[in-house]
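# sequence plus predicted model, see below.
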Amino acid sequence: MAQKGSKVTRRQFLTYTLTGVGGFMAATLISPMVNFAIDPVLKRSDAGDKVRVMSLDDITTEPQRVDFKKQTQDAWYEFEETLSAWVFKDESGEIIALSPICTHLGCQVGYGGDPTRPTEFFCPCHFGRYTKDGTNIPGTPPTAPLARYEKEEKDGFLYLGSPVTQL
Amino acid sequence: MRFDSIDARKSLTERQYVDTLVIPLVELAFDEEMVRKAEGNEVIQAVALETERQLSGRTMLCPTLSYVEVEAGATLAETVLEKATVSGFSHVLFISSDVRFKAFDLPIIFVPPLALKGMSGEQSHTMVQNFATQVITELSTRWMAT
């Protein structure tokens, strides 16, 4: 009686080998195709989109304006876009990054821009007003609150992504 | 807003909201003075763009008016001012680095011709922000007054 291994016949050995080699060849062809097919998904999940804007230590309860640059793509044309955010901590200590784009016609609001209302955001264009947390004040032109940036706190710095419209 | 077809159409339909025109006024030269004029142009363009970015809902940025002789420049500016006012732009503001315009009765904000390229990114950013803030404050004051 020979060892167990000898139970593999010549025919079986050839079948296994050919299947294995064939599998490798198929994989070589298919894996890049799969890669191409799901490429858009891979790209979007690449969340390296966020830009480092400021040190977490510098964030206070008083909104501060920060400007940062971000690579943006408009169809095939890639350019650097300057963005601004108003960053502060709310009462519960959570960091809030508001987009300064007025939801009325797109001017930039300023915190305390109207000296008589130092704790509100004020749009100089058509006198729109928002409370400190970005809620539009009824009776002024804007009809929606200020957008908030997607944010991430990492290694002591604040990273901001795209502004998200608030409802 | 910019002077392109989309924004132009919008500005016509929303004229009661878009009533302000910002116009860069740039002196040209083609001799040794060219560098200095180009520096002036850089500051003016940067300030004008930043102003438009912050006030795009009420402000249209006009294409640059350029001139070689200051009198001709002033005449051109006056003509544009008149046309724009007649068409409903109730606030028109020129941005220039040429102080000789002080002799003319034009609504101008002056920015100095600085060598932005010689500064660090941060420095030039702060500089442009400061000038843009001056322009924005001037416009806000005018808007508040009406």
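Received it, and whenever you're ready, just let me know what you need. Given the structure is predicted, the values throughout are model-derived calculations rather than measurements. Numbers count the residues shown, from 1 in each chain, chains lettered A, B, ... in the order given.

# name the element residue A:84 belongs to?
strand A:77-89 (DSSP states H and E).

# what segments of chain A are helices?
Assigned helices in chain A, in chain order: A:10-37, A:39-45 (criterion: DSSP state H).

# turn those into CSV, including mean pLDDT and distance to residue B:73.
Bear in mind the C-beta positions are built from the backbone N, C-alpha and C, glycine included. Shown next, in CSV, are the helices of chain A (pLDDT from 0 to 100; distance: least, C-beta to C-beta, whole Å):
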stretch, mean pLDDT, distance to residue B:73
helix A:10-37, 91, 57
helix A:39-45, 62, 50
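
# among these, which is nearest chain B?
helix A:39-45 (27.3 Å; C-beta to the nearest C-beta).

# circling back: dump the helices of chain A to TSV, plus mean neighbour count and distance to chain B.
Shown next, in TSV, are those (neighbours: other C-beta atoms under 10 Å in any protein chain shown; distance: least, C-beta to the nearest C-beta, whole Å):
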stretch	mean neighbour count	distance to chain B
helix A:10-37	10	35
helix A:39-45	9	27
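
# can you pull out the low-pLDDT segments for chain B?
Within chain B, no stretch falls below the threshold (pLDDT under 70).

# related to what we said a few turns ago, okay, buried residues for the strand holding residue A:84 please.
Under the neighbour-count criterion of 16 or more other C-beta atoms under 10 Å in any protein chain shown, strand A:77-89 has A:83, A:84, A:85, A:86, A:87, A:88 buried.

# excluding its backbone neighbours, what's nearest the third one?
If I follow you right, that is residue A:85. Nearest residue to residue A:85, sequence neighbours excluded (C-beta to C-beta, 6 or more residues apart in numbering or on different chains): residue A:97, at 4.6 Å.

# residues near that neighbour, how many?
24 (other C-beta atoms under 10 Å in any protein chain shown).

# list the contacts of it.
Contact partners of residue A:97, counting by C-beta atoms under 8 Å, 6 or more residues apart in numbering or on different chains, are A:53, A:85, A:86, A:87, A:148, A:149, A:151, A:158, A:160.

# now for those residues, which pair is the farthest apart?
Farthest pair in those (C-beta to C-beta) is A:53 and A:148. Separation: 13.8 Å.

# more neighbours: these two, which one.
Using other C-beta under 10 Å, the more surrounded residue of residue A:53 and residue A:148 is residue A:53, with 21 against 18.

# got the contact list for the more buried one?
Contacts of residue A:53 (C-beta under 8 Å, 6+ apart): A:66, A:68, A:85, A:87, A:97, A:157, A:158, A:159, A:160.

# and these, which is closest to residue A:118?
Among those, residue A:87 lies closest to residue A:118 (C-beta to C-beta), at 17.7 Å.

# partners of the closest one in the sheet?
The partner list for residue A:87 in beta bridges (DSSP bridges) reads residue A:64, residue A:97.

# my guess is it contacts residue A:59, does it?
Yes - between residue A:87 and residue A:59 there is a contact under C-beta atoms under 8 Å: 5.7 Å.

# quickly list what's touching both of those two.
A:95, A:158.

# on that earlier part again, show me which of the buried residues of strand A:77-89 is closest to residue B:94.
For the buried residues of strand A:77-89, the nearest to residue B:94 is residue A:84 (25.5 Å; C-beta to C-beta).

# residues contacting residue 143?
Just so you know, I chose chain A. Residue A:143 is in contact with A:103, A:104, A:136, counting by C-beta under 8 Å, 6+ apart.

# wait, chain B was what I had in mind.
Here residue B:143 is in contact with A:124, A:125, B:20, B:58, B:91 (C-beta under 8 Å, 6+ apart).

# rewinding a little: can I get the contacts of residue A:97 in TSV with pLDDT?
Putting the contacts of residue A:97 into TSV (pLDDT from 0 to 100) gives the following:
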residue	pLDDT
A:53	89
A:85	93
A:86	94
A:87	94
A:148	93
A:149	93
A:151	90
A:158	92
A:160	92
